[in-house]
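> Need the 3D shape of this:
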Amino acid sequence: MWMWSREIAGLVLPTGCAGCGRSGGALCGRCRAALCGAGARPVRPSPPPPGLPPVHAAVAYEDEARAVLLAHKERGELRLAAALGEALASAVSAACPHPHPHARPHARPHARPHPHARPPARHRSWRPLLLVPVPSARRAVAARGHDPARRIALAAAGVLRRGGRPARVLPALRQLRAVTDQAGLDARRRLENLTGALGAAPGCGRLLAEGPVVLVDDLMTTGASLAEAARAVRAAGGSVAGAAVVAAAPRAFAMGAPPSITLGVPPSITRAVPPAFTKIAAPSPSGTEYERPSLLMISGRKHLIGGTCR
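I've put the predicted structure just below:
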């Protein structure tokens, strides 16, 4: 009840941005752009827990993003769920890209398939994307008055559907036993604390098989919660396509980035390279030309160009 009174008060009283504190609404345009406009990237904790699926995050858990998440989660700023859902939707799309984003299924009005028959291969991609939130402890939900991860997941599913991607939230997981508060635990103890703690609710095994599953949460730190959720979904017969979070620890972005190759080239001999090309070359001993083959990456494919590149 106190959260709803807070929301009503926010409609008549001036409020500051949850990210930076500036006046003008619950979330200013600059903070919203920082939250939703950067684009989701792969993240990976170090060390990664066993069974952790590929994870994508919209932003790093710092500065404005941290403030917005805490305002929604701990202070009950429910109006922030829409922006957080938009950020999560971008991470979900990166975790499980639409196989045919511009295609449309061809209806066959006279076809009457068996109700239990498996859909044809050309229509399997149109099964709904299942967003499965990582469940919070019941006492935490009771203390906060709402389930932050589930609320953000519902907002993200709406964003995906409006963009033409069939998606729905399936709160299939439950805590099977009490767990210790994760705050203050290192990665190993968090994994021990959560192993075997989650399971699918009765009757959810059939629902989990209706489409690809993307595990969703508001934040990833060590990845223990997502790894345990993935284990529980697989044990119930679901297929985990990946995981998506609004934010992750900043160091997880460096771990999730693909390795880069850098060869030292003296600034005096570098050449302008078109934006579509990434050039990796070895300089000649004379420092005036490239005498060894140059490696050009064109449209994601590697081409070896022999000879001298002057």
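> Where does pLDDT dip in the chain?
With pLDDT under 70 as the threshold, the chain has low-confidence stretches at 1-14, 24, 100-126, 181-184, 257-310.
> So which residues of it form strands?
41-43, 55-60, 129-133, 167-169, 173-175, 198-200, 213-220, 240-248, 277-280, 294-298, 301-305 (DSSP state E).
> Nearest approach to Gly76 belongs to which of those strands?
Gly76 sits nearest to strand 213-220 of all the strands of the chain, at 13.9 Å, using Cβ to Cβ. In short, each C-beta sits where N, CA and C put it, glycine included.
> Mind listing the strands the closest one pairs with, and their directions?
Strand pairing for strand 213-220, determined by DSSP bridges: strand 129-133 (parallel), strand 240-248 (parallel).
> Would you reformat the ones you listed as TSV and include distance to Leu52?
Shown next, in TSV, are the strands paired with strand 213-220 (distance: least, Cβ to Cβ, whole Å):
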stretch	distance to Leu52
strand 129-133	15
strand 240-248	8
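> tell me the contacts of the residue lying closest to Val159 once chain neighbours are set aside?
Counting by Cβ to Cβ, 6 or more residues apart in numbering, Val159 lies nearest to Ala89, which is 3.9 Å off, once chain neighbours are set aside. Neighbour list for Ala89: 155-157, 159-160, 163 [criterion: Cβ atoms under 8 Å, 6 or more residues apart in numbering].
> how does it look with 7 Å?
Residues counted as contacts of Ala89 (Cβ atoms under 7 Å, 6 or more residues apart in numbering) are 156, 159-160.
> Make CSV out of the strands of the chain and add distance to Arg32 and mean neighbour count.
Shown next, in CSV, are the strands of the chain (distance: least, Cβ to Cβ, whole Å; neighbours: other Cβ atoms under 10 Å):
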stretch, distance to Arg32, mean neighbour count
strand 41-43, 19, 22
strand 55-60, 11, 26
strand 129-133, 22, 26
strand 167-169, 22, 20
strand 173-175, 30, 18
strand 198-200, 33, 21
strand 213-220, 17, 26
strand 240-248, 13, 27
strand 277-280, 32, 14
strand 294-298, 34, 15
strand 301-305, 37, 10
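> can you redo those as a markdown table with distance to Cys31?
As requested, the strands of the chain are exported to a markdown table (distance: least, Cβ to Cβ, whole Å):
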| stretch | distance to Cys31 |
| --- | --- |
| strand 41-43 | 19 |
| strand 55-60 | 11 |
| strand 129-133 | 24 |
| strand 167-169 | 25 |
| strand 173-175 | 31 |
| strand 198-200 | 33 |
| strand 213-220 | 16 |
| strand 240-248 | 13 |
| strand 277-280 | 33 |
| strand 294-298 | 35 |
| strand 301-305 | 39 |
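> of the ones you listed, which approaches Glu192 most closely?
Glu192 lies closest, by Cβ to Cβ, to one member of the strands of the chain: strand 198-200, at 14.1 Å.
> ok, that closest one: who's next to it in the sheet?
strand 173-175 (antiparallel).
> quick revisit: can you say which of the strands of the chain is nearest to Leu185?
Once the strands of the chain are compared by Cβ to Cβ, strand 213-220 is nearest, at 14.7 Å.
> Export the closest one to PDB, keeping only CA atoms.
Written as PDB, here are the backbone C-alpha positions of strand 213-220 (Å, rounded to 0.1, in the frame of the first residue of the first chain):
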ATOM      1  CA  VAL A 213      13.800 -19.800 -22.500                       C
ATOM      2  CA  VAL A 214      15.700 -16.700 -21.700                       C
ATOM      3  CA  LEU A 215      16.500 -16.300 -18.000                       C
ATOM      4  CA  VAL A 216      16.000 -12.700 -16.800                       C
ATOM      5  CA  ASP A 217      17.100 -10.700 -13.800                       C
ATOM      6  CA  ASP A 218      17.800  -7.200 -12.900                       C
ATOM      7  CA  LEU A 219      21.500  -7.700 -11.900                       C
ATOM      8  CA  MET A 220      24.300 -10.200 -12.400                       C
END
